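sequence and predicted structure below; questions after.
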Amino acid sequence: METSTPDAPAARPRRNDEQRQSAKERQRAAYQADPEKYRAIQRAYRARNAEKCAARQWVSNEIQAGRLIRPTHCPKCGRVERVEAHHPDHSKPSEIEWLCRVCHFGEPNHSGEAVSERGRANAQARWSKASWAA
Ligand SMILES: [Zn+2]
């Protein structure tokens, strides 16, 4: 039986905004130190998800050209926050359903991305705090 007790680990401080910011800065620094590494990761993602990326690009182009207008609130739940274009079928880029972040993550296509109620609540809190809501 172990008799010596190691020092209890210090309580881990909760991340505050300052620490969150520095995590963002670390990520930026890591990117700048080796951009090719991150571009390769992005290329690999696009190769694995070519159809999905093409569908997203189509939406982006249409919005940019003014042919598609992003609604100001979620047609499903009525939240006034950033509304995203959901593709039930990525092979049909023009068939979209506008959904807020919270509803979007609840869609079957995204069941692996964020399913917990807590995750949804956090996503909702983040989006409702975002600056474009102002
Ligand atoms: Zn919604």
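Sure, I can see it. Quantities reported herein were computed from a predicted structural model and do not represent experimental measurements.

how deep is Leu99 tucked in, by neighbour count?
By other Cβ atoms under 10 Å, 22 other residues sit near Leu99. (Each C-beta comes from the backbone N, C-alpha and C, glycine too.)

mean confidence for the host helix or strand of Ala54?
Ala54 belongs to helix 50-65 when assigned by DSSP states H and E. For helix 50-65, mean pLDDT rounds to 97.

ditto for stretch 101-110
On average, stretch 101-110 scores 82.

who does the helix holding Ala54 touch, helix- and strand-wise?
Helix 50-65 sits against no helix or strand, with contacts defined as 3 or more Cβ pairs under 8 Å, 6 or more residues apart in numbering; DSSP states H and E.

next helix or strand past it?
Downstream of helix 50-65, the first helix or strand assigned by DSSP H and E is strand 83-86.

what's in contact with that following strand?
Outside strand 83-86, the residues that touch it by Cβ atoms under 8 Å, 6 or more residues apart in numbering are 56, 59, 68, 70-75, 96-101, 104, 107, 109.
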